[in-house]
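**Student:** sequence-free structure coming up:
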């Protein structure tokens, strides 16, 4: 709530400079003609923006007395019925009202500056102002030739504009209606709309008269309450709008429910998709383990193939060494035969042949064991699932080694060499195929 806390008057009625402070509860007492009503009239001059048509001066006086008070007569300080019964020939009147917010303590000053002259029939409102904060009484006057005079409006206006710049607000108003509406807006209660201008004028003028010459309900209905006739057409339009909005709200609710269902379905689909991704990842992990096991098996098979190849090479070297020893023994026997007599040569030859036969027998036995071991390794390799292209050759090589074993017993060197060569080629082909299988598995991983 905004409370009027003081009234400042400069050259108004009989007051040259006056400040009246007000409390929450106050009264104005004095003899007739002492200026009690003039204070109320000063307030209504400000609240109506100096608009003479709306003011009702000394409204409580008997209308039969012929009230002749005007804004001009107040400014010139007229105290009688005669035209020259006044205390000023010219006047620059300031009326400033200070209002305080009872909740925040903020102060707002509203006022008017009016110029009147005995040579003019009407007063001139030079300015209307609303400013944040209180304007001191001394701000309204200045010293001229050692005498206090009302401050020139042009100077006072500059001071108001400077204050308005501090608060970034509009302080000057030329039209009375706009001034009054802004006053009503600034004085409204917190969170409340500004009252209607027309209703304010009607209620304020009624409050000044306050004559209960009619029933109370009629006074309240016509003088206090705002007239709000019902516009049937407008009411129907509003009702139709409300019905449309209700239908729209219903449709929106249905859409929201559908959206909620869709959201639930989407979340369920996302959950199932997440589960599917989890199972897919598990499958990939399982496949990876299987492929790793296959790689390990292929590496083992490759190692076995290399071992078989080395064993085959060692067997071949033993066979060559046995043939070389036998050849050397034969040559030695021939040499001994040629170098000695028949008897001596025969004995030595028999001894050499015996030794050569024993050595050759040992070599062939060792060679046979190597060939049998090689044949066993190749037979195992032929049953591997990682050998497909060379499977037939490996199988044939295993069979050929069996023939080589029989040939070694018969000392058939040619058949042994042929069987070993085929076995070597089949082992090399199987080794290459195993290497390619390992490479493919590595690429897949």
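**Tutor:** Sure thing, it's come through. The structure displayed is predicted, hence computed values, not measured ones.

**Student:** Tell me if I am right that residue 395 is in a helix.
**Tutor:** Yes. If the criterion is DSSP: H, G, I helix; E, B strand; the rest coil, then residue 395 is within a helix.

**Student:** dump the residue contacts of the residue lying closest to it once chain neighbours are set aside.
**Tutor:** Take residue 395 and drop its neighbours on the chain: the residue closest to it by Cβ to Cβ, 6 or more residues apart in numbering is residue 382, 4.7 Å away. (Each C-beta comes from the backbone N, C-alpha and C, glycine too.) Residues near residue 382 by Cβ atoms under 8 Å, 6 or more residues apart in numbering: 391, 394-395, 398.

**Student:** phi, psi of residue 382?
**Tutor:** Phi and psi for residue 382, reported as degrees, to the nearest 10, are phi -70, psi -20.

**Student:** So it versus residue 306, what's the distance?
**Tutor:** 16 Å (Cβ to Cβ, to the nearest Å).

**Student:** before we move on, back to that, now, which of the contacts of residue 382 sits nearest residue 146?
**Tutor:** residue 391 (135.8 Å; Cβ to Cβ).

**Student:** mind checking how far the closest residue in space to the closest one that isn't next to it in sequence is from residue 33?
**Tutor:** Excluding its sequence neighbours, the residue lying closest to residue 391 (Cβ to Cβ, 6+ apart) is residue 382, at 6.0 Å. Plainly put, residue 382 is 143 Å away from residue 33 if you go by Cβ to Cβ.

**Student:** likewise residue 100?
**Tutor:** 31 Å.

**Student:** Who has more neighbours out of these two?
**Tutor:** residue 100 (17 against 10; other Cβ atoms under 10 Å).

**Student:** Please state the backbone phi and psi of that one?
**Tutor:** Main-chain torsions, residue 100, degrees, to the nearest 10: phi -130, psi 130.

**Student:** That one against residue 133, yeah?
**Tutor:** No. Between residue 100 and residue 133 there is no contact under Cβ atoms under 8 Å: 10.9 Å.

**Student:** which residues are common contacts for the two?
**Tutor:** 107-108.

**Student:** Give me the neighbour count for residue 136.
**Tutor:** By other Cβ under 10 Å, neighbour count at residue 136 equals 12.

**Student:** ditto for residue 331
**Tutor:** Around residue 331 there are 10 other residues, counting by other Cβ under 10 Å.

**Student:** and residue 192, that one's in a strand?
**Tutor:** No. Using three-state DSSP, the assignment for residue 192 is coil, not a strand.

**Student:** roughly how far apart are it and residue 198?
**Tutor:** Relative to residue 198, and taking Cβ to Cβ, residue 192 is found at 18 Å.

**Student:** the more surrounded of those two?
**Tutor:** Neighbour count, other Cβ under 10 Å: between residue 192 and residue 198, residue 198 has more, with 10 against 7.

**Student:** Any chance of a ChimeraX selection covering the buried ones in the contacts of residue 382?
**Tutor:** Only the buried entries of the contacts of residue 382 go into this ChimeraX selection, using 16 or more other Cβ atoms under 10 Å:
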select :391,394,395,398
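
**Student:** How is the chain divided into domains?
**Tutor:** 2-194, 297-444 (automatic domain parsing).

**Student:** Where among these is average confidence lowest?
**Tutor:** Sorting the domains of the chain by mean pLDDT places domain 297-444 lowest, at a mean of 74.

**Student:** so where do the strands sit in the stretch 51-200 of the chain?
**Tutor:** Assigned by DSSP state E, counting those that start in this stretch, the strands in the stretch 51-200 of the chain fall at 90-101, 107-117, 124-132, 141-144, 147-150, 172-173.

**Student:** closest one to residue 332 among those?
**Tutor:** Set against residue 332 and scored by Cβ to Cβ, the strands of the stretch 51-200 of the chain come closest in strand 124-132, at 137.9 Å.

**Student:** Can you tell me the strand partners of the closest one and which way each runs?
**Tutor:** strand 107-117 (antiparallel), strand 172-173 (antiparallel) (DSSP bridges).

**Student:** Turn these into a markdown table, including mean neighbour count and distance to residue 187.
**Tutor:** As requested, the strands paired with strand 124-132 are exported to a markdown table (neighbours: other Cβ atoms under 10 Å; distance: least, Cβ to Cβ, whole Å):
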| stretch | mean neighbour count | distance to residue 187 |
| --- | --- | --- |
| strand 107-117 | 22 | 7 |
| strand 172-173 | 17 | 15 |
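
**Student:** mind putting those strands in a markdown table, distance to residue 47 included?
**Tutor:** Putting the strands paired with strand 124-132 into a markdown table (distance: least, Cβ to Cβ, whole Å) gives the following:
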| stretch | distance to residue 47 |
| --- | --- |
| strand 107-117 | 8 |
| strand 172-173 | 13 |
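
**Student:** pLDDT wise, what is the spatially most central residue of the chain at?
**Tutor:** The structure's the chain has its C-alpha centroid closest to residue 263; by Cα atoms, centre = their mean the separation is 21.0 Å. Note on residue 263: pLDDT of 86.

**Student:** Check whether it sits in a helix, strand or coil.
**Tutor:** helix.

**Student:** what residues are up against it?
**Tutor:** Applying Cβ under 8 Å, 6+ apart, no residues qualify as near residue 263.

**Student:** One more: residue 137?
**Tutor:** Per Cβ under 8 Å, 6+ apart, neighbours of residue 137: 8, 10, 17, 19.

**Student:** which of these lies closest to residue 124?
**Tutor:** The shortest approach to residue 124 among the contacts of residue 137 belongs to residue 10, at 16.0 Å (Cβ to Cβ).

**Student:** For the protein, which segments are assigned as helices?
**Tutor:** 36-47, 71-76, 153-167, 176-186, 197-209, 216-219, 232-339, 342-382, 391-409, 413-444 (DSSP state H).

**Student:** Report the inter-axis angle for the first one versus helix 197-209.
**Tutor:** If I follow you right, that is helix 36-47. On the basis of axes from the mean of the first three to the mean of the last three Cα atoms, to 10 degrees, helix 36-47 is oriented at 180 degrees to helix 197-209.
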